[in-house]
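Trainee: coordinates only, sequence not included:
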């Protein structure tokens, strides 16, 4: 039975990845912060062991896990929303702690290391984005994510550990943060509330959480090259189209006020991700289109009402 370490195990991606790995028969060490209020979101399983450890103490991990491990999945990163994305001290702390996880992976005997990156590493582009596009991050979050990608991969190479980054675009699905655009707007639609929106004329792309997790499993188990891999869906269209799909699937009677919220700064920032590298090297492909994913979320949300 292969053994996998997952940091950030109670986050949206983390708990879904842990569940998938456990179901596939891996033995999973789920690393969470001490006294995490989200601990109960992790299912109980005989092949799941929870380790409570702050990220700044991650270099102690090899003393807490007695067995050698095979794979290390580093998902923990604080300050991913709002003003925290430009908090220099916080984001540099994430970078330094993340470097420690590469050494921790080596100390545990792991031969594969995967981390989650972000579209924020690329910065602003009005063209299709593949992994060869130059990264020009505009936020401290994006800068430190990209810094870790570069330095972490360099350290992993010195240590003889395979390093891969799942560079995430926009994920959605049941259990995501309630204030994301999809979760907040869908909830309002189900309540038939009037909704203020931007014009929604910029390009966007969504990937369902189950498809993202499937891709991550392939990334850590298939024989593919080191480096970054874009994780995105196959449907890139203007954001308004996605909102209208949500409206249709929710059978909502909400009034949608497109354009009532002005774009900030110089205007809308869109995205056109290219996920062909991940498809080519792992035979992965998204299975859940946006309408189907929204219906899965509706089923989950209405079941709680």
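Mentor: Received it, and whenever you're ready, just let me know what you need. Remember, it's a predicted structure, so these values are computed and weren't measured experimentally.
Trainee: so where do the helices sit in the stretch 201-305 of the chain?
Mentor: Residue ranges of the helices in the stretch 201-305 of the chain, as given by DSSP state H, counting those that start in this stretch, are 209-221, 239-250, 276-282, 290-303.
Trainee: highest average neighbour count across these?
Mentor: Highest mean neighbour count of those: helix 209-221, a mean of 21 (counted as mean count of other Cβ atoms under 10 Å). In short, each C-beta sits where N, CA and C put it, glycine included.
Trainee: domain-wise, how is this protein divided?
Mentor: Using automatic domain parsing, the domain ranges for the chain come out as 3-168, 173-206+235-272+288-303.
Trainee: mean neighbour count, the ones you listed: which tops it?
Mentor: Highest mean neighbour count among the domains of the chain (mean count of other Cβ under 10 Å): domain 3-168, with a mean of 18.
Trainee: still on that earlier bit, looking at the domains of the chain, which is closest to residue 228?
Mentor: The stretch from those with the least distance to residue 228 (Cβ to Cβ) is domain 3-168; that distance is 4.4 Å.
Trainee: now that closest one: average pLDDT?
Mentor: Domain 3-168 shows a mean pLDDT of 96.
Trainee: so how far is it off the chain centroid?
Mentor: If you compare the mean C-alpha spot of domain 3-168 with that of the full chain, they lie 10 Å apart, counting by Cα atoms, centre = their mean, to the nearest Å.
Trainee: quick one on the thing from earlier: could I get the helices of the stretch 201-305 of the chain as CSV with mean pLDDT and distance to residue 170?
Mentor: What follows is those, written out as CSV (pLDDT from 0 to 100; distance: least, Cβ to Cβ, whole Å):
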stretch, mean pLDDT, distance to residue 170
helix 209-221, 98, 10
helix 239-250, 98, 10
helix 276-282, 96, 16
helix 290-303, 93, 11
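Trainee: could you dump those helices to a markdown table with distance to residue 232?
Mentor: Supplementary listing: the helices of the stretch 201-305 of the chain in a markdown table, determined by distance: least, Cβ to Cβ, whole Å:
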| stretch | distance to residue 232 |
| --- | --- |
| helix 209-221 | 9 |
| helix 239-250 | 13 |
| helix 276-282 | 9 |
| helix 290-303 | 12 |
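Trainee: quick check: which of these is nearest to residue 35?
Mentor: helix 209-221 (25.8 Å).
Trainee: show the backbone phi and psi for the residue nearest to residue 160 when sequence neighbours are not counted.
Mentor: With sequence-adjacent residues excluded and distances taken as Cβ to Cβ, 6 or more residues apart in numbering, residue 160 is closest to residue 106, at 7.5 Å. Listed backbone geometry of residue 106 is phi -60, psi -40, with angles given as degrees, to the nearest 10.
Trainee: go on, the one 10 residues further on?
Mentor: Note on residue 116: its backbone torsions stand at phi -100, psi 120 [degrees, to the nearest 10].
Trainee: right, and it touches residue 11 too?
Mentor: No: the criterion here is Cβ atoms under 8 Å, and residue 116 misses it with residue 11 at 9.3 Å.
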